[in-house]
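Q: sequence and predicted model, in that order:
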Amino acid sequence: MSIGYLALVLHAHLPFVRHPESDYVLEEEWLFEAIIETYIPLLHVFEGLKQDGVDFKITMSMTPPLVSMLRDPLLQDRFGHYLAQLQELTEREIDHNAQNGHLRYLAEFYAAESSKVRQTWERYQRDLVGAFKQFQDSNNLEIITCGATHGYFPLMKMYPQAVWAQIQVACEHYEENFGRPPVGMWLPECAYYDGLERLIADAGIRYFLTDGHGVLYARPRPRFGTYSPIFTETGVAVFGRDQESSQQVWSSEVGYPGAPEYREFYRDLGWDAEYEYIKPYVMPNGQRKNTGIKYHKITGKGLSLSEKNLYDPYWAKEKAAEHAGDFMRNRVQQVEHLHNIMQRPPLIVSPYDAELFGHWWYEGPWFIDYLFRKTWFDQSTFEMTHLADYLQKHPTQQVCRPAQSSWGFRGFHEFWLNETNSWIYPHLHKAAERMIELAKREPMDELEWRSLNQAARELLLAQSSDWAFIMRTGTMVPYAVRRTRSHLQRFNKLWEDIMQEKIDSGWLEKVEAIDNIFPSINYRTYRSL
């Protein structure tokens, strides 16, 4: 009999990036890279576990922007072209490195991997959302939701209607795509403020995840810390992140992804290859970019990229197995220790960004595969669980008020509100005020109805926390600034056109075609609660 639980939770999210108005936009490749390196490899892991009789349990958020992009025909077509280019390059690389045994071996490895991706993509008829849903239907995967566009709730709390719209639109979108209402929610950026649970309860959501200190500093202090959920006064459960297991994977100092055997993310063929040779596979304007073909391993700390040694997937896979075993043994010790203190089964919640596994840490899906197999066959101290299953088995928990919190730098909103991004919030707040006013209107005709719904879409897209995050990290900042401004400009034009009763139908049609997320949205969701 097991004496504890481990809940592995992955947060699968990307901002809504779709540009039908342009033939090529580099940022669309964020999705394509994640499909090749994270989402399809995870499906391969799930398929293999199922085939071998391992009854795995994992929780995974799939955010509305990600689901929308995965099901978008334009992006599906563009991904097909991107994958074909990658396959062509890997085949060229096999010939190009005919005289270098190690590089040829790696080129053949990448060719085989991209071929497997193609087969899976076609086998699921390009519908990866439907592919993940199959594992939800078999009760191996629990899919939860998030904010409609990953809006940062604590910085919107002065407009409860705006927070409600993020929650309600997400729930409606989830039900349209998965055929059932969501049970759980990953709070965007794990960001919580006092009273948020009332809106979540009103939406019918049973639980949400926040960072560890949101639970640890709850009032009264939870008796079992983060090793048991707490219930809010509304009955909604709160799960907090376990610091110990998270650090083993996340930490750049002691985390597994920094092992010298693993693939080096920052050295890519797109920058290494001779220019004329690689030119057909970089940006149309001739600028170099990452191709996804990376021939080097981390090798050691303090080395420059040029000093890195060649990668070997065989030894990297061995290291992933070793790390999975180490992670499992640490959880066994942790559970035994906690069980002795708590005198009840502890729950260890280990949440991570899904894209860490495969995209940033190439060996991450192998790690997950080995972890499930080892916990299934090699130990009996704890069992893997879904969060919803845990609540069914343990319906009685301490009632507390969570503390305001987020993850990221210092854990209290600093990452999303600082000198790099504070300029966006007065504009977002003004747009929210205007949207709440617009929501009181009854449209005169279908054109105004469409304009009101498009205004709601533009506000939601402008509120995405990804733009503030990118401004703070300092990567791709011009794109994040441009996206924030363009959505606000479109919103304000729609507001002016509606107020003046002079709607530009041609312009509206163009904007609807570009920002086509949430086709069933109803602007009235912004009405007073």
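A: Great, that's in hand.
Q: now stretch 173-184: buried residues?
A: Of the residues in stretch 173-184, 173-174, 177-178, 182-184 count as buried by neighbour count, 16 or more other C-beta atoms under 10 Å. Just so you know, the C-beta spots here come from the backbone N, C-alpha and C atoms, and that holds for glycine as well.
Q: kindly check the end-to-end length of it for me.
A: 14 Å (C-alpha to C-alpha, to the nearest Å).
Q: state the number of residues packed around residue 414.
A: Around residue 414 there are 12 other residues, counting by other C-beta atoms under 10 Å.
Q: surely it is in contact with residue 408?
A: Yes. Taking contacts as C-beta atoms under 8 Å, residue 414 lies within contact range of residue 408: 7.4 Å.
Q: redo the buried residues of stretch 173-184 as TSV? Include distance to residue 300 and pLDDT.
A: Formatted as TSV, the buried residues of stretch 173-184 follow (distance: C-beta to C-beta, whole Å; pLDDT from 0 to 100):
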residue	distance to residue 300	pLDDT
173	46	98
174	45	98
177	45	98
178	45	98
182	44	98
183	45	98
184	41	98
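Q: measure stretch 394-412 end to end?
A: Stretch 394-412 has an end-to-end distance of 30 Å (C-alpha to C-alpha).
Q: starting at the chain centroid, how far to stretch 415-427?
A: Here the centre of stretch 415-427 is set off from its chain's centre by 22 Å, with C-alpha atoms, centre = their mean, to the nearest Å.
Q: could you do stretch 104-122 as well?
A: 24 Å.
Q: report the buried residues of that stretch.
A: Residues 104, 106-107, 109-111, 113-114, 117-118, 120-121 are the ones in stretch 104-122 that count as buried (16+ other C-beta under 10 Å).
Q: residues in contact with stretch 410-420: which ones?
A: Contacts to stretch 410-420, defined as C-beta atoms under 8 Å, 6 or more residues apart in numbering, come from residues 152, 154-155, 189, 191, 211, 213, 404-406, 408-409, 425, 465, 468-469, 471-472, 474.
Q: now the top strand by length along the chain: mean pLDDT?
A: In the chain, with assignment by DSSP state E, the single longest strand is strand 4-12. Strand 4-12 carries an average pLDDT of 98.
Q: for the helix or strand following it, packing partners?
A: Next helix or strand after strand 4-12 toward the C-terminus (DSSP states H and E): helix 29-34. For helix 29-34, the elements it packs on are helix 64-70, helix 73-96, judged by 3 or more C-beta pairs under 8 Å, 6 or more residues apart in numbering; DSSP states H and E.
Q: most tightly surrounded among these?
A: helix 64-70 (a mean of 25; mean count of other C-beta atoms under 10 Å).
Q: stretch 520-529: how far from the chain's middle?
A: 26 Å.
Q: contact partners for residue 486?
A: By C-beta under 8 Å, 6+ apart, residue 486 has no neighbours at all.
Q: what's the helix or strand for it?
A: helix 477-500.
Q: in that helix, which residues are buried?
A: Those would be 479-481, 483-484, 486-488, 490-495, 497-498, for helix 477-500 by 16+ other C-beta under 10 Å.
Q: CA atoms only for the helix or strand bottoming out on mean pLDDT in the chain, dumped as CSV, please.
A: When each helix and strand of the chain is scored by mean pLDDT, DSSP states H and E, helix 243-250 comes last, with a mean of 88. Extracted in CSV, the C-alpha atoms of helix 243-250 (Å, rounded to 0.1, in the frame of the first residue of the first chain):
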residue,chain,number,x,y,z
GLN,A,243,9.7,23.6,-3.7
GLU,A,244,12.0,20.6,-3.3
SER,A,245,10.9,18.6,-6.3
SER,A,246,10.5,21.7,-8.5
GLN,A,247,14.1,22.8,-7.7
GLN,A,248,15.5,19.4,-8.8
VAL,A,249,14.2,20.0,-12.3
TRP,A,250,14.0,23.8,-12.6
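Q: please identify the buried residues of that helix?
A: Neighbour-count burial for helix 243-250 [16+ other C-beta under 10 Å]: 245-246, 248-250.
Q: contacting residues for the residue of the chain most remote from its centre?
A: Here the chain reaches farthest from its C-alpha mean at residue 99, the gap being 40.9 Å by C-alpha atoms, centre = their mean. Contacts for residue 99 (C-beta under 8 Å, 6+ apart) come out as none.
Q: against which helices or strands is the top helix by length along the chain packed?
A: In the chain, taking DSSP state H as the definition, the longest helix is helix 313-342. The contact analysis (3+ C-beta pairs under 8 Å, 6+ apart) places helix 313-342 against strand 4-12, helix 243-250, strand 347-353, helix 364-377, strand 382-384.
Q: which other helices and strands does the fourth one contact?
A: Helix 364-377 makes packing contacts with strand 4-12, helix 40-51, helix 313-342, strand 382-384 when contacts are defined by 3+ C-beta pairs under 8 Å, 6+ apart.
Q: deepest in the core, which of the ones you listed is it.
A: Most buried among these, counting by mean count of other C-beta under 10 Å: strand 4-12, with a mean of 24.
Q: what about stretch 514-527, how long is it end to end?
A: 26 Å.
Q: what residues does that stretch touch?
A: 16, 18-21, 64-65, 68, 72, 148-149, 161-162, 164-165, 168-169, 172-173, 176, 435-436, 438-440, 452-458, 460-461, 487, 490.
Q: how's this structure carved up into domains?
A: As given by automatic domain parsing, the domain ranges for the chain are 4-70+137-145+182-256+311-410, 72-126, 418-526.
Q: quick one, which of the ones you listed is nearest to residue 277?
A: domain 72-126 (7.5 Å; C-beta to C-beta).
Q: and what about the closest residue to residue 505 other than its chain neighbours, helix, strand or coil?
A: Nearest non-adjacent residue to residue 505, counting by C-beta to C-beta, 6 or more residues apart in numbering: residue 447, 5.9 Å away. Recorded secondary structure, residue 447: helix (DSSP: H, G, I helix; E, B strand; the rest coil).
Q: residue 447: what's it in contact with?
A: Contacts of residue 447 (C-beta under 8 Å, 6+ apart): 503, 505, 508.
Q: can you tell me the element the residue farthest from the centre of the chain falls in?
A: Using DSSP H and E, residue 99 falls outside every helix and strand.
Q: tell me the confidence at it?
A: The per-residue pLDDT of residue 99 was computed as 95.
Q: how near is it to residue 399?
A: 69 Å (C-beta to C-beta, to the nearest Å).
Q: before we move on, what about residue 272?
A: 57 Å.
Q: in terms of neighbours, single out the busier of these two.
A: Using other C-beta under 10 Å as the criterion, residue 272 and residue 399 rank with residue 272 on top: 16 against 13.
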